[in-house]
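Colleague: Kindly generate the corresponding structure for this input.
(chains A, B, C and D)
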Number of protein chains: 2
Amino acid sequence: MRQLGIGELARRVGMRPSALRYYESVGLLPSAERTAGRRVYPVATVRRIALIKMAQRAGFTLAEIRALLDTDGDRGTTRQWRALAESKLPELDRFIRQTQMLRDAVADCLACGCMNFDKCGLLAEDGPGTAQPRG
Amino acid sequence: MRQLGIGELARRVGMRPSALRYYESVGLLPSAERTAGRRVYPVATVRRIALIKMAQRAGFTLAEIRALLDTDGDRGTTRQWRALAESKLPELDRFIRQTQMLRDAVADCLACGCMNFDKCGLLAEDGPGTAQPRG
DNA sequence: CTCCTGGTTCAAGCGCACTTGAGGTCAAGG
DNA sequence: CCTTGACCTCAAGTGCGCTTGAACCAGGAG
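Modeller: The predicted model follows:
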């Protein structure tokens, strides 16, 4: 089975068919080949969607993800791709660090037993919440 | 200056005053003390908001964050806090791993030079997009 | 005293990422 | 033949996380 109907694909990626149609409508998925009017997807689409979901959870908007995924060899888009990817890398790094701090803070606070995340001693002045906002 | 007006606080955390009023309205920030009708915040609020923003970026909804932050010593809420925090830890772990994979994928793809993230050889079958969805 | 800045409330509006509903097509099964 | 079910399109609706607008107030500068 190298081809998937929209229902099957949706099941595999844990989304609803409507979401996949929506992705197509906003250009995030290429317009799928139709057989008797119905969308038929190559299995590789599963991976593409997994990639989309990952990027999305990392805070990219669908428009940004589309920009990252659509290059089709054009010089202009390629430059854009590089710029976007490069600009996003430090953002991702910062994000990963912060998420790790949050994770550790939650874990430490559970261990500490104070049961009040906000007032927890482990989150004191030098803790994760102390970073200066830019701007 | 151990007290902040809403404008100053907003500036420090990089948000708009309207967002802070909104947070108060949904119980994410305690109702601030008023002086001549105006909200006055202790500087510690900066940290609380930083915490909120971090959790938010990690995919928590504001309702979940409120649940994590509001415990006020009550046994029931404390049990809920522990349950929520414990259920969120593995989620955060998975999330961090995935974000790291995405980061590496973007970096590798930039290095590889193919300029097509989707088709990039570095993202092949055993790559980040291969995880099974939980059905 | 008047104006300006920056605050107040409340209701309505907005953008994103979908979902839902109405109305229709098609193929297989009883 | 009729039903069932999965799919189609298109428009409208939903929920979250704010933002905006209208109408009002309070304190300080000129």
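
Colleague: okay, CA-based contacts and neighbour counts for the rest of this
Modeller: Fine.

Colleague: Check what contacts stretch A:82-95 and list those residues.
Modeller: With contact meaning C-alpha atoms under 8 Å, 6 or more residues apart in numbering or on different chains, stretch A:82-95 is reached by A:58, A:68, B:57, B:99, B:103, B:106, B:107, B:110, B:115.

Colleague: can you rerun that using 10 Å?
Modeller: A:55, A:58-60, A:64-65, A:67-68, A:77-81, A:96-101, B:54, B:57-58, B:96, B:99-100, B:102-104, B:106-107, B:109-110, B:113, B:115-117 (C-alpha atoms under 10 Å, 6 or more residues apart in numbering or on different chains).

Colleague: for residue A:8, what are its contacts?
Modeller: Residue A:8 neighbours (C-alpha under 10 Å, 6+ apart): A:14, A:16, A:17, A:40, A:41.

Colleague: On the pLDDT front, check the first one for me.
Modeller: Among the per-residue scores, residue A:14 holds a pLDDT of 95.

Colleague: swap in the third one?
Modeller: Residue A:17 is assigned 97 on the pLDDT scale.

Colleague: residues from chain A in reach of DNA strand D?
Modeller: Residues of chain A found near DNA strand D (C-alpha under 7 Å from any atom of the strand) are A:5, A:6, A:7, A:8, A:17, A:21, A:37, A:38, A:39.

Colleague: Go again with 6 Å.
Modeller: Residues of chain A lying near DNA strand D by C-alpha under 6 Å from any atom of the strand: A:5, A:6, A:7, A:8, A:37, A:38, A:39.

Colleague: buried ones in the longest strand belonging to chain A?
Modeller: The residue-count maximum for a strand in chain A (DSSP state E) belongs to strand A:38-42. Neighbour-count burial for strand A:38-42, counted by 16 or more other C-alpha atoms under 10 Å in any protein chain shown, picks out A:39, A:40, A:41.

Colleague: quick one: stretch A:19-34 near chain B?
Modeller: No: remark: stretch A:19-34 sits outside contact range of chain B, by C-alpha under 10 Å from any C-alpha of the partner chain, the gap being at least 11.1 Å.

Colleague: Any idea how far the helix or strand of chain A with the lowest mean pLDDT is from the middle of the chain?
Modeller: Lowest mean confidence among the helices and strands of chain A (mean pLDDT, DSSP states H and E): helix A:75-112, at a mean of 81. Centroid separation between helix A:75-112 and its chain, computed with C-alpha atoms, centre = their mean, to the nearest Å, is 11 Å.

Colleague: before we move on, what about stretch A:28-37?
Modeller: On C-alpha atoms, centre = their mean, the centre of stretch A:28-37 falls 23 Å from that of its chain.

Colleague: for stretch A:9-28, same thing?
Modeller: 15 Å.
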